[in-house]
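> Curious how this folds, go ahead:
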Amino acid sequence: MSNEYSPLKWGILGPGSIANRFGDDVKPLSDHQIYAVGSRDVAKATKYAEKYGAPKAYGSYEELVSDPDVDAVYVATPHPYHKEHTLLALRAGKAVLCEKPFTVNLAEAEEVIAEARALNVFLMEGMWSRCFPLLRKAKELVASGAIGKPRLIEADFGFKGGDTDEDGALKLGNPDGRLFNPALAGGALLDVGVYVVSLAQMFFGTPEKIASLSTFGKTNVDENTGILLGFAGGALGVLHTSLQVNTAQKATVLGSNGRLEVHSPWWCPKSLTVYASGKEPETIKDEFTGGSGFQFEAQHVAECLRAGLKESPLITLDETLAIMKTLDTIRTQIGLTYPME
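Presented below is the predicted three-dimensional model:
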């Protein structure tokens, strides 16, 4: 970035569905520009560039990260490629926002983060829900004692990933798709379960105890997973993630003096309510415009870069490592492994 007033020029590595949602929300921002896109298929890169007004379209990821005018790279490829593509961008000296899950496992995350720190280059996990103003406000309220001492969090994130038969089992329309393919690190846990784990750890830190159960589907990935987390001081997390059912998608933090509810969908929140003992319920709203809310994540990256930071204070790299460690433990407990490991 030439100066603090210049638009942040984004390079999009992988023009898939999540990159389109990112582009939809970031394109309208006056201080950001979808500048370049890279794909192994130059036709896909060109199509994305035309849609979002990017002046550069490349037929390789190497060309994208070599563009001297790209300020930050958004890694939006499938899970198993996050390590490779993030390292590629970091070694080219580019700030990186890597879509969640950060990597497939903790060992990969440790390698990537060690490289970013050695190179002194900005790196952040794309846990976009954590950047929403209302979730930041929720954390602030709980930390301030608005509901007393926090003791429990209940949260879910699930959706029906396909049609079901009479027994409730999924009838897969596309077993090779990202959600269900083991070769693409599919399953509920790494697709949307990572969000509830991240949320719980945002409020309570790293769990001391973990217990989990899962139902596997026809492709041998988890489709329905329940998670219990035990934190220091006795606080608990009760979490659920699914590709079999549409869950309520609510999040509630309960304390000794009330509760805080982030209303559905909590991961893209527009309102929360604090129910404190002896007080009238207080509802806080944020009727933002802009689709899925990826603009908050992009704006946070820009703030970090303009401040000269090498990692996000909202989602530190140590926290990313802690989340990956929790996910590894859950996968060990439910018996979920991937062919690339």
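> quick one, helices of the stretch 101-250 of the chain?
For the stretch 101-250 of the chain, the helices defined by DSSP state H, counting those that start in this stretch cover 106-119, 133-143, 188, 194-204.
> Please work out which residues outside the shortest one touch it.
So the one you mean is helix 188. Applying Cβ atoms under 8 Å, 6 or more residues apart in numbering, the contact partners of helix 188 are 158, 221-225, 241-243. Using the backbone N, CA and C atoms, a C-beta is placed for each residue, glycine as well.
> Kindly reformat those as JSON lines containing distance to P339.
Below are the contacts of helix 188 laid out as JSON lines (distance: Cβ to Cβ, whole Å):
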{"residue": "G158", "distance to P339": "25"}
{"residue": "V221", "distance to P339": "11"}
{"residue": "D222", "distance to P339": "15"}
{"residue": "E223", "distance to P339": "18"}
{"residue": "N224", "distance to P339": "22"}
{"residue": "T225", "distance to P339": "20"}
{"residue": "T241", "distance to P339": "22"}
{"residue": "S242", "distance to P339": "23"}
{"residue": "L243", "distance to P339": "19"}
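> list the buried ones in the longest helix along the chain?
Ordering each helix of the chain by length in residues (DSSP state H) puts helix 317-334 first. Across helix 317-334, burial judged by 16 or more other Cβ atoms under 10 Å covers 317, 319-331, 334.
> For those, which two are the farthest from each other?
L317 and I334 (26.2 Å; Cβ to Cβ).
> Who are the contact partners of the residue lying closest to I147 once chain neighbours are set aside?
In space, and not counting its chain neighbours, I147 is closest to G255: 3.4 Å by Cβ to Cβ, 6 or more residues apart in numbering. Shown in contact with G255 (Cβ under 8 Å, 6+ apart): 142, 146-151.
> same question, E341
E341 neighbours (Cβ under 8 Å, 6+ apart): 104-105.
> same thing but 10 Å
80, 104-105, 107-108, 185, 331 (Cβ atoms under 10 Å, 6 or more residues apart in numbering).
> for A76, same thing?
12-23, 37, 82, 85, 97-99, 126.
> quick revisit: can you flag the buried ones in the contacts of E341?
80, 104-105, 108, 185, 331.
> just curious, which of these is nearest to F122?
E108 (18.9 Å).
> circling back to that earlier point, which of the helices of the stretch 101-250 of the chain sits most buried?
Of the helices of the stretch 101-250 of the chain, the one with the most neighbours on average (mean count of other Cβ atoms under 10 Å) is helix 188, at a mean of 28.
> Any stretches of the stretch 101-250 of the chain with poor pLDDT?
Applying pLDDT under 70 to the stretch 101-250 of the chain flags residues 163-175.
> And the strands in it?
Using DSSP state E, counting those that start in this stretch, the strands of the stretch 101-250 of the chain run over 123-126, 150-158, 163-164, 170-171, 209-216, 222-230, 236-242.
> How many residues are close by the residue nearest to G161 when sequence neighbours are not counted?
With sequence-adjacent residues excluded and distances taken as Cβ to Cβ, 6+ apart, G161 is closest to L243, at 3.7 Å. Other residues within reach of L243, judged by other Cβ atoms under 10 Å, total 26.
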